[in-house]
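Undergrad: coords please:
(one chain, ligands or ions: 2)
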Amino acid sequence: MNLIALPAFTDNYFWMLHDGREALVVDPGDSAPVVDALDRLGLALTAILVTHHHPDHVGGVATLMARLNGPVHGPRREALPVAVQPHGQGDHVEWNGVAFQVLDVPGHTAGHIAYFAEAAPGGPLLFCGDTLFSGGCGRLFEGTPAQMHASLSALAALPAATRVCCAHEYTLSNLRFAVAAEPRNAELQAHLSQCEAMRQQGLPTLPSTIGVERQINPFLRCDQPALAAAAREHGATSDDPVSVFAALRQWKNVFR
Ligand code: ZN
Ligand code: FE
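TA: Numbers count the residues shown, from 1 in each chain. Ligands and ions are numbered 1, 2, ... in the order given. Here you go, the predicted structure:
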């Protein structure tokens, strides 16, 4: 099984899983990069997974219906421009022998879902849309800090080896903020240098892993005293992880 990131727009990735014959694509906001990959690799598109309703994640689905021989799976609590098989927490989606568990991860949008395949060939695999980014997390457009903190905590509890397939290449700007928030985190500094080198070579910094994110992502580390102290300087009124999270998210929104 092959996992590839199709770059799209300015900083999106459409993740594609394929076995050399059949392909699944996640969050195709545009059809062109997907059609190019299908044609280039000689693949049949047999499933689409959608995590949330934003156009950069669903905009290509209608056009791809002409190429699709299989289902479109999506969040049951969101209005999408195309008909989908609706899913929420506890549901299972199967594709080509890979079993995905659906997780509700509200916060970026109200009905955002993620797809987790614990027994995927090559190791556990997570498609998390705009909930978790490497070194960061999605903006809270439709959810509360408490909801997003709970969603991220559920993702952080997945196995350390889980490959984290985020929908955007935001890693360097996220890590620059992370260093400002937690300057004495040595793993974080090393990870930033490594990701800078990858971007200089034009490579994606993704997938990350849950194990790496637990070490470097401030939004998964709201229980750390150093981050609680930094958050207090940016509006947190207590060391409660949700208020630490809320203050860090707010600070990141204005960080340059
Ligand atoms: Zn989004
Ligand atoms: Fe997005």
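Undergrad: contacts, neighbours, all on C-alpha from now
TA: OK.
Undergrad: Do a quick rundown of the helices in the protein.
TA: In the chain, the helices defined using DSSP state H lie at 32-41, 55-58, 61-64, 145-156, 171-181, 186-200, 210-216, 225-232, 241-254.
Undergrad: okay if I get these as CSV plus mean pLDDT, distance to Asp19 and mean neighbour count?
TA: Formatted as CSV, those follow (pLDDT from 0 to 100; distance: least, CA to CA, whole Å; neighbours: other CA atoms under 10 Å):
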stretch, mean pLDDT, distance to Asp19, mean neighbour count
helix 32-41, 98, 10, 15
helix 55-58, 98, 23, 20
helix 61-64, 98, 19, 18
helix 145-156, 98, 26, 20
helix 171-181, 98, 28, 20
helix 186-200, 98, 26, 15
helix 210-216, 98, 24, 21
helix 225-232, 98, 42, 19
helix 241-254, 98, 39, 20
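Undergrad: Which one of those helices lies nearest to Asp91?
TA: With respect to Asp91, and counting by CA to CA, the nearest of these is helix 145-156 at 15.8 Å.
Undergrad: Could you measure from Gly90 over to Asp104?
TA: Per CA to CA, to the nearest Å, Gly90 is found 8 Å from Asp104.
Undergrad: neighbour-wise, which of the two wins?
TA: Asp104 (22 against 10; other CA atoms under 10 Å).
Undergrad: can you redo the helices of the chain as TSV with distance to Ser134?
TA: Below are these laid out as TSV (distance: least, CA to CA, whole Å):
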stretch	distance to Ser134
helix 32-41	23
helix 55-58	18
helix 61-64	26
helix 145-156	12
helix 171-181	5
helix 186-200	10
helix 210-216	7
helix 225-232	17
helix 241-254	14
